[in-house]
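*Asks:* Fold the following for me, if possible:
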Amino acid sequence: MSEPNTQTNTAGTSSSFVTFSLAEETYAIDVLQVQEVLKITEIAPVPGVPDYILGIINLRGDVVTVIDARRRMGLPPRAPDEASRIVIIDIDNQNVGILVDAVAEVVQIDADSVDPAPAVGNDQSSRFILGVTSTEEGLTILISLEKLLSDDEWELVRSVG
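*Replies:* Residues are numbered from 1 along each chain as shown. Have a look, this model is predicted:
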């Protein structure tokens, strides 16, 4: 008979993450924040917004703001192609789209296997990195969607959509 687990911290626990690629790197976000994944669709531009806001889409009658993950993370922009996807996420009960190069799969990541974020990159990119983990395919970078934008930037995104 096994003994009950009396640990109260997150050691030994695992969570599900959606993995996606940007500029040959693999990133992961908490699956609980992902509402759905869409093929690329027409994005209506919105004048006077920062370049990381691509525009808006109509999602079954709801207006959803779409953010270019490449631009937001300081990566060179790339025109969307057949593999590109818009990941619809929920941030504070607001749906927002994140344009990524491709969506790979849902994976289980053990909390024990996540190393702290290395002190590399610039402040813009390092503030949203939760940590990194090694997989058979290489490194996966875990990101915090809440920290992808500042509070003021999230307010702007909400006002656009």
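*Asks:* quick one: buried residues of stretch 146-159?
*Replies:* If you call a residue buried by 16 or more other Cβ atoms under 10 Å, then stretch 146-159 has these buried ones: 148-149, 154, 157. No exception for glycine: its C-beta is placed from N, CA and C like everyone else's.
*Asks:* Least confident secondary structure element in this protein?
*Replies:* Within the chain, judged by mean pLDDT, DSSP states H and E, the helix or strand with the poorest mean is helix 123-126; its value is a mean of 60.
*Asks:* Let me see the ranges of the helices in this structure.
*Replies:* 69-72, 123-126, 151-160 (DSSP state H).
*Asks:* Is Lys147 in contact with Arg127, as I believe?
*Replies:* Yes. If you go by Cβ atoms under 8 Å, Lys147 and Arg127 touch, sitting 5.4 Å apart.
*Asks:* tell me, what's touching these two both at once?
*Replies:* Residues touching both Lys147 and Arg127 (Cβ atoms under 8 Å, 6 or more residues apart in numbering): none.
*Asks:* what's across from Gln108 in the sheet?
*Replies:* Counting by DSSP bridges, Gln108 forms beta bridges with Ser16.
*Asks:* Confirm for me that it is in contact with Ser15.
*Replies:* Yes. At 7.3 Å, Gln108 and Ser15 qualify as touching, with contact defined as Cβ under 8 Å.
*Asks:* list residues touching both of those two?
*Replies:* Common neighbours of Gln108 and Ser15 (Cβ under 8 Å, 6+ apart) do not exist.
*Asks:* Neighbour count for those two, which is higher?
*Replies:* Ser15 (16 against 10; other Cβ atoms under 10 Å).
*Asks:* just checking, the more buried one touches Val114?
*Replies:* No. Contact criterion Cβ under 8 Å: Ser15 and Val114 do not qualify, at 9.6 Å.
*Asks:* residues contacting Val103?
*Replies:* So Val103 contacts 18-20, 37, 85, 87 (Cβ under 8 Å, 6+ apart).
*Asks:* Just the buried ones among those, please.
*Replies:* 18-20, 85, 87.
*Asks:* Please point out which parts of stretch 50-66 sit buried.
*Replies:* 52-57, 59, 64-66.
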